[in-house]
Every structure is written in structure tokens, then in C-alpha cells.
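1. Attaching a predicted model along with its sequence, questions to come.
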Amino acid sequence: MTDVSPRPEDTARPGGTGTRRAGEPLVRVEGLTVSFGTGSHRTQPVHGVSFTVPRGRIVAIVGESGSGKSVTARSLVGLAGDGADVAATTLRFDGLDLSRLRPSGWRALRGRRIGLVLQDALGSLDPLRRVGDEVAEPLREHRTVPPARRDAEVLRLLTACGVPEPAVRAGQYAHQLSGGLRQRALIASALAAGPDLLIADEPTTALDATVQRQVLELLRERASAGTGVLLISHDLGAVAEFADDIHVMHEGRFVEQGPAAHVLENPTHPYTKALVAAVPGGGGRTGPPTTGDARTVLRAERLSKRYRLSGRAVLTAVDDVSLTVRAGETLGIVGESGSGKTTVGRMLMGLVAPDQGRVEVDGVDWAALHGSARRAARRRIQMVYQHPLGSFDPRYTARQLLEEPLRAARAPREQRDDRVAMLLGHVGLSTEVLARRARDLSGGQRQRLAVARALASDPDVIICDEPVSALDAAVQAQVLDVLVEVQERLGVAYVFISHDLGVVRRLSHRVLVMKDGLLLESGSAEQIFEAPEHPYTEQLLRAVPRVRATRATAVHKRL
């Protein structure tokens with residue numbers, strides 16, 4: 001095995017001895033400050049934070065988007081960002097002064113001594129390499145496994161990270177995998193060389209409850225074996241159950257820190273109390289919102305969809321699924337990654353044609369509609385995606401994004417300003433955002449803009465596909481509140497697709513549970529969550545990490 005410890009010539013100046021002191025934690029950070037820019041354009045996302053990561057412990061940094069937690073973590077691997085000015089009283093890893101490393105020293109550490117898992121798996125994985133080659137790269141680069149054993153080790157790592165059919169997935173490219181499978185492959189790559197420190201930046205955001213638990217259990221196993229784990233997350237449920245210590249970050253500073261149980265069960269800072277209060281959980285919406293004879297706005301009968309894979313293999317994505325959606329109600333669809341829930345949503349939207357079955361929009365079969373009739377029906381059903389940036393024209397301002405569907409519906413020009421203002425009011429946005437482009441808005445603002453855009457055509461139903469899974473708890477709560485308020489005010493129906501059971505419980509009146517393309521169970525939200533009948537539903541509910549803290553009352557400030 002190659003020695004990958006940084007050599008003396010890799011340090012910027014004499015004095016970087018790299019000697020470990022007795023009892024010294026794996027990571028020690030004191031007074032870390034990170035700045036960007038100069039003069040009046042200078043920003044400082046991290047202000048003098050201090051923490052340690054001992055061997056064998058999971059240390060979590062939690063906070064909202066933009067709080068500085070990711071920049072803090074990336075500073076430990078020299079990846080704080082272009083033009084970053086990183087300063088610290090102490091910045092040490094295993095006795096090594098990180099502030100003195102040259103590029104060759106960082107290359108020796110990354111992957112072999114420090115593993116990094118990022119949230120955006122699609123952007124982190126090489127689109128031109130197969131997944132197996134991606135996982136094998138650190139094994140080959142750092143020579144931790146003999147060449148004859150690499151393929152077997154790749155399959156072992158993929159299996160350990162919850163990747164089904166690892167031999168098949170190893171031969172695929174990143175774009176051929178679901179978001180959850182891509183994230184698991186990325187985690188397998190980060191663990192491949194057996195790093196001493198694993199930095200996991202939102203590693204489970206794209207994962208369903210059962211796989212999320214599997215990955216977090218894997219992190220805990222690595223910690224039990226002596227690996228230090230720095231977990232960056234906005235998921236307080238995951239943090240509460242798996243972290244040993246928590247640092248709560250707000251506007252670049254730690255506002256509260258200590259053992260996980262103490263911080264979450266007895267929060268003292270108002271910001272921590274607000275974060276805990278914003279976590280979905282507890283009771284949800286009870287009973288149907290309408291009478292049983294309310295108008296059915298969307299119906300699907302015996303939908304099936306199959307895809308041909310390489311060779312003669314066939315994947316049945318959806319198998320004989322039926323559902324109805326009534327005016328003014330929310331139908332939740334839950335299931336693991338690959339369960340078929342998103343494919344159902346795309347068939348409901350008419351974006352994918354079913355191989356069998358039919359979809360009716362307000363009593364009319366999608367397949368019977370063509371041309372102007374199909375475009376008119378399209379206005380009755382809209383969609384809100386997980387990542388609104390991907391569905392927005394990046395050249396457009398918020399005003400242009402909202403006016404586009406109004407122009408398509410031939411709304412008179414003199415009425416558009418009033419209509420745009422009304423849409424913003426529905427979702428709690430001020431007119432100040434109209435001149436800004438989507439990339440200049442916060443995550444919560446972008447998602448509320450997506451809801452406003454979906455409402456522009458006065459739809460009967462909106463398909464929401466993982467609309468809050470990428471948002472932190474406080475912003476997530478705000479968007480969910482907006483959806484509830486809009487529904488109560490306008491009577492719009494939702495099909496809410498998510499792997500987050502807490503969110504589904506909070507928003508849904510009825511719930512469908514899917515697995516492997518099959519509809520396993522359906523019923524009222526209360527029945528599904530309080531008295532599930534199918535063993536798989538019980539398994540899903542058991543897998544959900546929970547915050548067992550006394551919930552504080554919080555007012556969610558509109559962002």
C-alpha cells in the first residue's frame with residue numbers, strides 16, 4: 001500500500017510536522033473564518049467557528065440553506081470555493097496543519113484520508129464513466145485493494161450502500177440511475193479507500209426513508225470502527241437519531257452546540273427551537289376535505305408502464321395502478337426510490353403514455369385529446385418539480401416566468417399585472433422578486449415561485465413531485481404552509497409525490513403506498529400512518545428517523 005501521508009515538501013513553510021498529540025481529536029478547528037471578494041463586495045459566510053471531530057464519533061452541523069455549514073465542511077478539504085480566503089487559529093487533521101498544505105498535499109489527503117460525499121450526485125459523478133469505474137477509481141488511485149480484487153470490492157461497496165442488483169448498476173452510467181441510486185453510488189465511492197474522516201454534505205437528501213436509514217446505519221458502522229464523521233444536514237430527524245454531537249449554525253455562526261440529545265430535547269436558542277418546531281411529524285390533516293360526491297378532477301385506471309433495458313430485459317415501472325383525485329383534496333403517493341411513483345405522476349401529466357390503462361382529466365381521456373383540445377386540458381393540470389431551476393428558463397425574470405402562462409392563456413395585457421400580483425400574494429412573495437431571475441432567489445422563494453407559476457392557468461390539480469425534498473426544515477415548512485393555504489383558498493387538488501413520510505402526513509388527506517411498480521395499500525392518511533395493514537408500509541414507517549424533542553412554537557418567517 002502506498003504511503004499517502006503528506007511529505008514535508010508539501011507544506012508551505014517549515015513547521016508543518018504533522019505529529020499527533022496524545023488525546024488529540026482527529027479534527028480540531030478553532031476560529032475558522034471564510035471570506036469571499038474584496039472591499040464593499042466582501043462577504044463572510046463563516047464567522048469564527050470552532051469544533052472538533054473525534055475518532056469514532058458523528059458530529060453534525062445543522063442549519064438552513066445559506067447558513068455556512070457546507071463552506072465550513074469544504075474548508076477541511078481545501079475546497080471552500082474559488083477566491084475563498086480561509087483563516088483559522090487552528091485547522092488540524094490528525095496532527096497535520098491544513099493551513100500549510102500545498103496542492104500535492106491536498107491530493108494526498110482527499111479520497112484516501114478524507115472522503116467527501118456531496119448532495120448533487122449527478123454533478124459529482126463523471127457522466128462518461130460507468131458507475132463501477134467511478135467506485136473503483138479511489139481503489140486504483142490509492143492502491144488500497146489488489147487489482148484482482150477490485151471488481152469484487154466494488155460490488156461489496158455498492159451492496160453495503162443499498163444498491164440493488166449491484167452488478168447491473170456497476171455497468172450503467174449516472175444518468176441511467178434514479179437520484180437515490182446515484183447518491184448511493186457516490187457514497188460507495190467516498191468510502192472505497194477507507195478514509196479516516198468522512199465528510200457527508202447532505203448525503204441522504206435524495207433518499208427514501210428505508211435507504212436513508214441504511215446509509216446512516218453505514219455511517220454509524222464506520223464511526224464505530226473508528227472513522228470520524230462530519231455530517232452536514234438540514235434533516236433534524238436523521239441528526240437526532242444518528243449524530244453524537246450537534247452544532248447549530250445560523251448566519252455563519254454556531255448559536256448552540258452540545259450532545260445531540262441535549263440540544264434537540266432542550267434547545268435554548270430561539271433559532272434552534274424554530275428548527276425543531278419546523279420538522280414535519282406528529283398529526284397530519286384528518287378526514288377528507290370534501291364530501292364523497294365531490295367532483296373527480298383526475299382519474300387513472302389500471303395504469304401500466306414497461307421499459308426495455310439492454311438485451312431482452314424488461315423493467316415494469318408501474319403495474320396496474322388505479323387512483324382518483326377529488327376537487328380540493330391532496331392525494332399522497334409514497335414509496336422508495338424506483339417504486340414507480342414518479343412514473344405515475346408523469347403519466348397523469350400526459351408526459352408519458354401508459355402501455356395499458358387510461359388517464360382522465362375532468363372526465364376526458366388524455367389519449368383522446370389532440371392539438372388545441374390537449375393544450376386546453378393541459379391547463380387544467382400543472383406540475384411542480386423538485387428542482388425548479390431545471391424547469392425555469394434561466395434568462396427569464398420572475399415576472400416573465402409568471403407572465404408566460406398568462407400569455408399562453410391569452411390573458412389581456414392590461415390584466416396581467418394584477419394577475420401576477422395576485423399569484424405572488426397566493427404564495428407569500430412580494431413584488432420585489434419580479435425583477436430577479438430564479439438563480440438569484442433562495443430555495444424557498446424559487447419553490448414558491450414554481451407554485452405561483454403552476455397556479456397561473458387556474459388548474460384543477462397540481463402534481464407535486466418531491467417539491468420540498470431539497471429544502472431545509474424551516475423553508476420546507478413554509479412551502480407546505482403555502483400549499484395548504486392555496487388549497488383552502490382556491491380549492492385546487494394536489495397529487496403529492498414524495499419519499500418523505502413526515503411531509504406526506506402533514507399535507508395529505510389520502511395516501512397510496514407503492515413498491516416495485518405495485519400499489520400495495522391505500523386509505524386515509526390517518527389509517528395509513530396509525531394503522532397500516534401491509535408489512536411494507538410498517539417497514540417504511542419504522543425507518544423514519546424522528547426528533548423526540550419537545551416541540552416549541554415557532555413562527556416561520558417568509559424567506
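-> Structure's in. What do you need?

2. Check the gap between the residue nearest to the spatial centre of the chain and Pro459 for me.
-> Nearest to the mean C-alpha position of the chain, counting by Cα atoms, centre = their mean, stands Thr205 at 3.0 Å. Thr205 sits 28 Å away from Pro459, going by Cβ to Cβ, to the nearest Å. In this view, the C-beta of every residue, glycine as well, is placed from N, C-alpha and C.

3. Now do stretch 95-111: distance from first to last residue.
-> Stretch 95-111 stretches 18 Å from its first residue to its last (Cα to Cα, to the nearest Å).

4. buried residues in that stretch?
-> Of the residues in stretch 95-111, 96-101, 105-111 count as buried by neighbour count, 16 or more other Cβ atoms under 10 Å.

5. Dump those to a markdown table, plus secondary structure and pLDDT.
-> What follows is the buried residues of stretch 95-111, written out as a markdown table (DSSP: H, G, I helix; E, B strand; the rest coil; pLDDT from 0 to 100):
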| residue | secondary structure | pLDDT |
| --- | --- | --- |
| Leu96 | strand | 94 |
| Asp97 | strand | 95 |
| Leu98 | helix | 95 |
| Ser99 | helix | 91 |
| Arg100 | helix | 91 |
| Leu101 | strand | 91 |
| Gly105 | helix | 90 |
| Trp106 | helix | 91 |
| Arg107 | helix | 87 |
| Ala108 | helix | 86 |
| Leu109 | helix | 90 |
| Arg110 | strand | 89 |
| Gly111 | coil | 86 |
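
6. What helix or strand is the closest residue to Asp320 other than its chain neighbours located in?
-> Closest residue to Asp320 apart from its sequence neighbours, by Cβ to Cβ, 6 or more residues apart in numbering: Arg302 at 5.2 Å. Using DSSP states H and E, Arg302 sits in strand 296-308.

7. Remind me what that strand packs against, helices and strands.
-> Contact here means 3 or more Cβ pairs under 8 Å, 6 or more residues apart in numbering; DSSP states H and E; on that basis strand 296-308 packs against strand 314-326, helix 341-348, strand 356-361, strand 493-498.

8. So in that sheet, which strands flank it, and in what orientation?
-> Using DSSP bridges, strand 296-308 pairs in its sheet with strand 314-326 (antiparallel), strand 356-361 (antiparallel).

9. Just want the angle from the following helix or strand past the first one to strand 314-326.
-> Spelled out, that is strand 314-326. Downstream of strand 314-326, the first helix or strand assigned by DSSP H and E is strand 330-335. Here the directions of strand 330-335 and strand 314-326 differ by 160 degrees (axes from the mean of the first three to the mean of the last three Cα atoms, to 10 degrees).

10. Can you give the distance from strand 330-335 to the centre of its chain?
-> Distance of strand 330-335 from the chain centroid (Cα atoms, centre = their mean, to the nearest Å) equals 17 Å.

11. Summarise which helices and strands it is packed against.
-> If contacts are counted by 3+ Cβ pairs under 8 Å, 6+ apart, strand 330-335 sits against helix 341-348, strand 493-498, helix 501-507, strand 510-515.

12. Could you tell me the least trusted of these?
-> Among the helices and strands packed on strand 330-335, helix 501-507 carries the lowest mean pLDDT, a mean of 89.

13. Can I get that helix as CSV, trimmed to CA atoms?
-> C-alpha atoms of helix 501-507 as CSV (Å, rounded to 0.1, in the frame of the first residue of the first chain):
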residue,chain,number,x,y,z
LEU,A,501,-43.4,10.3,5.0
GLY,A,502,-43.4,13.2,7.5
VAL,A,503,-44.1,15.7,4.8
VAL,A,504,-46.8,13.4,3.2
ARG,A,505,-48.5,13.0,6.5
ARG,A,506,-48.6,16.7,7.1
LEU,A,507,-50.1,17.6,3.7
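
14. just the strands in the stretch 101-250 of the chain please.
-> Using DSSP state E, counting those that start in this stretch, the strands of the stretch 101-250 of the chain run over 114-117, 197-201, 228-233, 245-250.

15. Give me the contact list for the second one.
-> Under the criterion Cβ atoms under 8 Å, 6 or more residues apart in numbering, residues 26-27, 53, 70, 73-74, 76-77, 93-94, 113-119, 187, 190-191, 219, 222, 227-232 lie in contact with strand 197-201.

16. just the shortest one next, same as before
-> Outside strand 114-117, the residues within contact range by Cβ under 8 Å, 6+ apart are 74, 76-77, 79, 93, 110, 186-187, 190-191, 193, 195-201, 203.

17. one step back: gap between the residue nearest to the centre of the chain and Val62?
-> Relative to Val62, Thr205 is positioned 13 Å away (Cβ to Cβ).

18. ok so, going back, reformat the helices and strands packed on strand 296-308 as JSON lines; add distance to Lys515.
-> Converted to JSON lines, those look like this (distance: least, Cβ to Cβ, whole Å):
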{"stretch": "strand 314-326", "distance to Lys515": "10"}
{"stretch": "helix 341-348", "distance to Lys515": "10"}
{"stretch": "strand 356-361", "distance to Lys515": "19"}
{"stretch": "strand 493-498", "distance to Lys515": "14"}
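
19. Which among those is found nearest to Arg253?
-> Nearest to Arg253 among the helices and strands packed on strand 296-308 is strand 493-498 (32.2 Å), distances taken as Cβ to Cβ.

20. quick one: low-confidence parts of this protein?
-> Scanning the chain for pLDDT under 70 picks out 1-22, 120-122, 179, 206, 280-293, 310, 546-559.

21. Would you mind measuring from the closest residue to Ala88 other than its chain neighbours to Arg253?
-> Distances taken as Cβ to Cβ, 6+ apart put Leu32 closest to Ala88, at 4.4 Å, once the chain neighbours are dropped. Relative to Arg253, Leu32 is positioned 11 Å away (Cβ to Cβ).

22. cool, and Asp82?
-> Asp82 sits 24 Å away from Arg253, going by Cβ to Cβ.

23. For those two, indicate the residue with more neighbours.
-> Arg253 (14 against 6; other Cβ atoms under 10 Å).

24. Give me the domain ranges for this structure.
-> Under the assignment automatic domain parsing, the domains of the chain span 8-113+195-277, 288-380+495-546.

25. Among those, which comes closest to Gln400?
-> That would be domain 288-380+495-546 among the domains of the chain, by Cβ to Cβ, at 18.6 Å.

26. Near Glu538, how many other residues are there?
-> The burial count for Glu538: 13, using other Cβ under 10 Å.
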